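Engineer: Curious how this folds, go ahead:
(one chain, ligands or ions: 2)
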Amino acid sequence: KSLTIGLIPADGIGKEVIPAARTAIEALGSDIPNPKFIDLIAGFETFTRTGVALPEETVEVLKNDCDCALFGSVSSPSRKVVGYSSPIVALRKILDLYANIRPVVSVCILSLVHVDMIVVRENTECLYVKQEQQTFGEHGKEARATRLITERASTRIGKMAFELALARPRKHLTVIHKSNVLSVTDGLFRESVRAVQTKDSRFEAVTVAEQLVDSAVYRLFREPQIYDVMVAPNLYGDILSDAAAALVGSLGVVPSVNAGDTFVMGEPVHGSAPDIFGQGIANPVASIRSAALMLRHLGYTEAAHRIDNAVDSVLREGQLLTPDLGGTAKTQEVTDAIVKRI
Ligand code: NAI
Ligand code: MG
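Structural biologist: Numbers count the residues shown, from 1 in each chain. Ligands and ions are numbered 1, 2, ... in the order given. The predicted structure is shown next:
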């Protein structure tokens, strides 16, 4: 059976980089024979046009017809827009894509330090349950947000992180939290993740460290090489992975997958980059690597390897780099060079 892949470019540079990921998959030939692509819509532009950011049909097609998907990026406004809610946050919940796996790896010529880590971000709860209220108190406006941490979600993200750590040479896991301040919520996260190790003897091979999130950012910049796999609640994981991206040259090279037990969706870590949208200079590497990560997750190891090798060789040669990496190449030129090497 051929692989069916849903494509949701969404907004901004998502429209420029998701087609690049598609061509990379098409270039694999017999490793992924006759992939079928289904174009799907979501995002802020979809919202302004149709009144919904995530159409029912997109969700149904993903659930019923697709083996996996690639998501671009959405332009979520920073102000409250009545009726709008981020489609990517919703999709992660609807499809129960509870793990956001973000490998951050340096390419020698582009970074001063050697970085090879995976940020494993819980993807369904924490402050991203988006239960916010504004009220009027004695001294004016007050705003509150609910931060949900459950044993179930913390345990399953913990398992995912231990499995990933176990498969790596260093087998080292750092649990990120702030339970010196948030002893109830982060305390539960920390305890649940640590309990995973005591329940499965295979995980004894993994060394575990803990780190408060603020000092983790500090050490990430001072000595990033100490990290192997990091596991974090949703918001900390979001921030840490963007910070880690700075160490390897650009957000434009960092991929991710949103993974659950039955579905996987590749997604570049970056957003819709309105500052460069429309110029044809967005770095396609993050999306192309997200396609590879998605394929690896589905068991197409060789196909994933071929894409990663092609990307690495283009980056290493350093002749064709987009402006975020200090070059002058266009999205299309970089994509063509990668496709040629695949
Ligand atoms: P951003 O990630 O879009 O951009 C940050 C900076 O990195 C910008 O200078 C941008 O030009 C650069 N950059 C990002 N990706 C790049 C690429 N592939 N090639 C070259 N340069 C790249 O973050 P920002 O500006 O904070 O957010 C813009 C919009 O994206 C907002 O509406 C935000 O809500 C949305 N966003 C969406 C995400 C998603 O869809 N999952 C994730 C993060 C932000
Ligand atoms: Mg982010």
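Engineer: pull the CA atoms of stretch 19-33 into PDB?
Structural biologist: Presented in PDB, the C-alpha positions along stretch 19-33 are these (Å, rounded to 0.1, in the frame of the first residue of the first chain):
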ATOM      1  CA  PRO A  19       6.100  22.000  -1.000                       C
ATOM      2  CA  ALA A  20       9.900  21.600  -0.600                       C
ATOM      3  CA  ALA A  21       9.300  18.800   1.900                       C
ATOM      4  CA  ARG A  22       7.000  17.200  -0.600                       C
ATOM      5  CA  THR A  23       9.500  17.200  -3.400                       C
ATOM      6  CA  ALA A  24      12.100  15.600  -1.100                       C
ATOM      7  CA  ILE A  25       9.700  12.700  -0.400                       C
ATOM      8  CA  GLU A  26       8.900  12.400  -4.100                       C
ATOM      9  CA  ALA A  27      12.600  12.100  -4.800                       C
ATOM     10  CA  LEU A  28      12.900   9.000  -2.700                       C
ATOM     11  CA  GLY A  29      11.600   6.800  -5.500                       C
ATOM     12  CA  SER A  30      11.400   3.100  -4.600                       C
ATOM     13  CA  ASP A  31      12.000   3.800  -0.900                       C
ATOM     14  CA  ILE A  32       8.600   5.400  -0.700                       C
ATOM     15  CA  PRO A  33       6.800   4.100  -3.900                       C
END
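Engineer: gap between the residue nearest the centre of the chain and Pro19?
Structural biologist: Residue closest to the average C-alpha location in the chain (CA atoms, centre = their mean): Ser256, at 3.1 Å. Remark: distance between Ser256 and Pro19 (CB to CB, to the nearest Å) = 19 Å. Quick note: C-beta positions are derived from backbone N, CA and C, even for glycine.
Engineer: The residue nearest to the centre of the chain: what's it in contact with?
Structural biologist: 100-102, 241, 266-269, 290, 293 (CB atoms under 8 Å, 6 or more residues apart in numbering).
Engineer: Report the secondary structure state of the residue nearest to it when sequence neighbours are not counted.
Structural biologist: Nearest residue to Ser256, sequence neighbours excluded (CB to CB, 6 or more residues apart in numbering): Arg102, at 4.4 Å. Classification of Arg102 by DSSP: H, G, I helix; E, B strand; the rest coil places it in strand.
Engineer: Report the separation between Ser85 and Leu235.
Structural biologist: 17 Å.
Engineer: go on, Asn34?
Structural biologist: Counting by CB to CB - Asn34 and Leu235 are separated by 41 Å.
Engineer: which of those two has more neighbours?
Structural biologist: Counted by other CB atoms under 10 Å, Asn34 and Leu235 do not tie: Leu235 has more neighbours, with 15 against 10.
Engineer: Quickly find the element holding the more buried one.
Structural biologist: helix 234-247 (DSSP states H and E).
Engineer: what about that helix and ligand 2, touching?
Structural biologist: Yes. For helix 234-247 and ligand 2, the contact criterion (CB under 5 Å from the ion) is met by 238, 242.
Engineer: How about the residues of the stretch 101-250 of the chain by ligand 1?
Structural biologist: By the rule CB under 6 Å from any ligand atom, the part of the stretch 101-250 of the chain lying against ligand 1 is Ser250.
Engineer: so where do the helices sit in the stretch 101-250 of the chain?
Structural biologist: Under the criterion DSSP state H, counting those that start in this stretch, the stretch 101-250 of the chain contains helices at 151-166, 185-199, 213-222, 234-247.
Engineer: among these, which is nearest Asn283?
Structural biologist: Ranking those by proximity to Asn283 (CB to CB) places helix 234-247 first, at 11.2 Å.
Engineer: what comes into contact with the very next helix or strand once past the closest one?
Structural biologist: Heading C-terminal from helix 234-247, the first helix or strand you meet, by DSSP H and E, is strand 257-259. Contacting residues not belonging to strand 257-259 are listed as 71, 91-92, 95, 97-101, 123, 160, 264-267, 290, 293-294, 297 [CB under 8 Å, 6+ apart].
Engineer: Quick check: neighbours of strand 257-259 in the sheet, parallel or antiparallel?
Structural biologist: Here strand 257-259 is paired, per DSSP bridges, with strand 99-105 (antiparallel), strand 264-266 (antiparallel).
Engineer: want to throw the helices of the stretch 101-250 of the chain into JSON lines with mean pLDDT?
Structural biologist: Below are these laid out as JSON lines (pLDDT from 0 to 100):
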{"stretch": "helix 151-166", "mean pLDDT": "97"}
{"stretch": "helix 185-199", "mean pLDDT": "98"}
{"stretch": "helix 213-222", "mean pLDDT": "96"}
{"stretch": "helix 234-247", "mean pLDDT": "92"}
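Engineer: Nearest to Tyr128 among the ones you listed would be which one?
Structural biologist: helix 234-247 (4.8 Å).
Engineer: Report all helices and strands that that closest one contacts.
Structural biologist: strand 99-105, strand 116-122, strand 172-177, helix 213-222, strand 229-232 (3 or more CB pairs under 8 Å, 6 or more residues apart in numbering; DSSP states H and E).
Engineer: which phi and psi does the residue in the stretch 201-342 of the chain positioned nearest to ligand 1 have?
Structural biologist: Nearest to ligand 1, among the residues of the stretch 201-342 of the chain, is Gly271, at 2.4 Å (CB to the nearest ligand atom). The phi/psi pair for Gly271 (degrees, to the nearest 10) reads phi -100, psi -160.
Engineer: With Leu321 as the reference, measure out to Val107.
Structural biologist: 10 Å.
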